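Undergrad: Below are the sequence and a predicted model for it; my questions follow.
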Amino acid sequence: EPEVTQTPSHQVTQMGQEVILRCVPISNHLYFYWYRQILGQKVEFLVSFYNNEISEKSEIFDDQFSVERPDGSNFTLKIRSTKLEDSAMYFCASSVRSRAGVSDEQFFGPGTRLTVL
Amino acid sequence: GQNIDQPTEMTATEGAIVQINCTYQTSGFNGLFWYQQHAGEAPTFLSYNVLDGLEEKGRFSSFLSRSKGYSYLLLKELQMKDSASYLCAVKKGQAGTALIFGKGTTLSVSS
């Protein structure tokens, strides 16, 4: 069964450093997302991406964040200068467009646990 | 603003039935999802409701009342492996829009 994959599974970095989190969405999916989950808290939306551009972003997704689809398979999240409060599990998700009334469920990857020291 | 409320914790025994409630107040509505999340893992899709009524899927059922801003997830014949967090999430817009998640309900199933 196709699945979303993410690398690395765990990233440790120093405050102020740049990190790039990588995702390979399901191959026939058209919409891509990043969410984060701080330990013990709820899953929070960061950004969605469609047709090579951002379609929606949350207040969390400030100038320190960027997304890119550098080739036909990868989808990346870059954090330019990490802060302690960026420590969280980052989930990539993808979905396929569907007709109205039909679920366009989002399939989540296993996540990257980011630890900022 | 967006508000999605669900109980923090619930406990039940193997073989029992449990109902997890979710109420929501969002600026838009285009469907409600239930996800299961085991500790340290990704959310996995359980069910979707966009119209009022009950959707049944094996041991799991989900109900929606749009006029009341209310949904529930019903789990029957509970098994130990059902111990997990259950996340209620609202999609506000068309395909490709964000899911807004509640804080999740941690269900503990004991023998």
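TA: Thanks, I have it.
Undergrad: which residues touch residue 34?
TA: Defaulting to chain A. A:Leu21, A:Cys23, A:Leu46, A:Val47, A:Val67, A:Leu77, A:Tyr90, A:Phe91, A:Cys92, A:Ala93 (C-beta atoms under 8 Å, 6 or more residues apart in numbering or on different chains). Quick note: C-beta positions are derived from backbone N, CA and C, even for glycine.
Undergrad: wrong one, I was asking about chain B
TA: Contacts of B:Trp34 (C-beta under 8 Å, 6+ apart): B:22, B:45-48, B:60, B:62, B:71, B:73, B:86-89.
Undergrad: pLDDT score assigned to it?
TA: Looking at B:Trp34, its pLDDT reads 97.
Undergrad: now the one 4 residues further on
TA: At B:His38 the predicted local confidence, pLDDT, stands at 95.
Undergrad: B:Thr97 too?
TA: Looking at B:Thr97, its pLDDT reads 84.
Undergrad: Next, work out how far apart it and A:Gln41 are.
TA: 22 Å (C-beta to C-beta, to the nearest Å).
Undergrad: returning to what we had before: could you tell me which of the contacts of B:Trp34 count as buried?
TA: The neighbour-count test (16 or more other C-beta atoms under 10 Å in any protein chain shown) marks B:Cys22, B:Leu46, B:Ser47, B:Tyr48, B:Phe60, B:Ser62, B:Ser71, B:Leu73, B:Tyr86, B:Leu87, B:Cys88, B:Ala89 as buried among the contacts of B:Trp34.
Undergrad: got the residues of chain A near chain B?
TA: Contact residues (C-beta under 8 Å from any C-beta of the partner chain) of chain A with chain B: A:30-31, A:33, A:35, A:41-45, A:48, A:50, A:55-56, A:58, A:91, A:95, A:97-98, A:100-101, A:103-111.
Undergrad: Sort out which of those are buried, if you could.
TA: Buried among the residues of chain A next to chain B (16+ other C-beta under 10 Å): A:30-31, A:33, A:35, A:42-45, A:48, A:50, A:55-56, A:58, A:91, A:95, A:103-111.
Undergrad: got the contact list for the nearest residue to A:Ile54 once chain neighbours are set aside?
TA: Of all residues not flanking A:Ile54 in the chain, A:Val47 sits nearest, at 5.9 Å (C-beta to C-beta, 6 or more residues apart in numbering or on different chains). When contacts are counted by C-beta under 8 Å, 6+ apart, A:Val47 is found next to A:Tyr33, A:Trp34, A:Ile54, A:Glu56, A:Lys57, A:Ser58, A:Phe61, A:Phe65, A:Val67, A:Leu77.
Undergrad: mind checking the SS state of A:Val47?
TA: strand (DSSP: H, G, I helix; E, B strand; the rest coil).
Undergrad: just B:Tyr86 next, same as before
TA: Per three-state DSSP, B:Tyr86 ends up strand.
Undergrad: What distance do you get for it to chain A?
TA: Shown here: B:Tyr86 relative to chain A, a distance of 12 Å by C-beta to the nearest C-beta, to the nearest Å.
Undergrad: for the contacts of A:Trp34, which one is nearest B:Val18?
TA: A:Phe91 (25.8 Å; C-beta to C-beta).
Undergrad: Hmm, the closest one is touching A:Val43, no?
TA: Yes. Here A:Phe91 reaches A:Val43: they are 7.1 Å apart, a contact under C-beta atoms under 8 Å.
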